[in-house]
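> After the sequence you'll find the predicted model.
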Amino acid sequence: MPLDEDVVESIYREHGPALRRFVVSASHDPQMAEDVVQETLLRVWQQAPDINGSLRSYLYRTARNIMIDNYRRAQRRPESLESSPDPAEVMERVDDLLNRVLVEEALLRLTKEHRDVLVALHYRRFTVNETAVQLNIPSGTVKSRAYYAVRALRTILDEMGVER
């Protein structure tokens with residue numbers, strides 16, 4: 001049974017811009033991005049899926065699958081075979097981008113203290129001592145926060161339906 005139009009409209013208002021940015025960064029084609037976003041929301045509207053985790057994660061995965069389907073469909077056309085990239089590379093690039101978006105969303109759900117420690121240690125590649133100086137906390141606190149932050153991040157990613 002399709003969802004109510006007002007529900008789909010609110011999903012579009014809340015998640016449409018982020019979904020469009022995700023597809024544009026994966027495809028570098030704004031027109032295709034608009035088509036994929038519309039197809040994604042059409043599927044949500046028609047199928048009314050029972051989503052247990054994050055709605056945004058579900059939308060990103062659906063958009064990813066639509067992009068892969070479109071790419072495979074284009075590969076079946078003989079004229080596009082000469083200049084097209086390797087399908088495995090395209091799928092890998094889309095998967096990497098999806099993982100980055102999902103991890104970024106999960107990081108935003110952490111407390112500021114946990115997020116600051118993880119960003120310093122894993123993204124800025126600071127040592128424990130450099131992180132302690134940067135955040136003005138003892139190095140033991142950095143280690144403790146990092147431990148609990150990774151556990152919380154794993155829980156959040158599990159709730160979002162991210163598997164690995």
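Perfect, thanks for sending it. Numbers count the residues shown, from 1 in each chain.
> switch to C-alpha atoms for all contacts and neighbour counts from now on
Will do.
> how distant is the lowest-mean-pLDDT helix or strand in the chain from the center of its chain?
Of the helices and strands making up the chain, the lowest-confidence element is helix 87-109, at a mean of 80, by mean pLDDT, DSSP states H and E. Using Cα atoms, centre = their mean, to the nearest Å, the mean C-alpha position of helix 87-109 is found 5 Å from that of the whole chain.
> Now do the helix or strand following that helix, average pLDDT.
Note on helix 87-109: by DSSP states H and E, the next helix or strand toward the C-terminus is helix 112-118. Mean per-residue pLDDT for helix 112-118: 94.
> Stretch 59-66 now?
86.
> on contacts alone, who are the packing partners of the least confident helix or strand of the chain?
Where contact means 3 or more Cα pairs under 8 Å, 6 or more residues apart in numbering; DSSP states H and E, helix 87-109 is packed against helix 5-27, helix 55-75, helix 139-159.
> Output the ones you listed as CSV; include the columns mean neighbour count.
Formatted as CSV, the helices and strands packed on helix 87-109 follow (neighbours: other Cα atoms under 10 Å):
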stretch, mean neighbour count
helix 5-27, 16
helix 55-75, 17
helix 139-159, 17
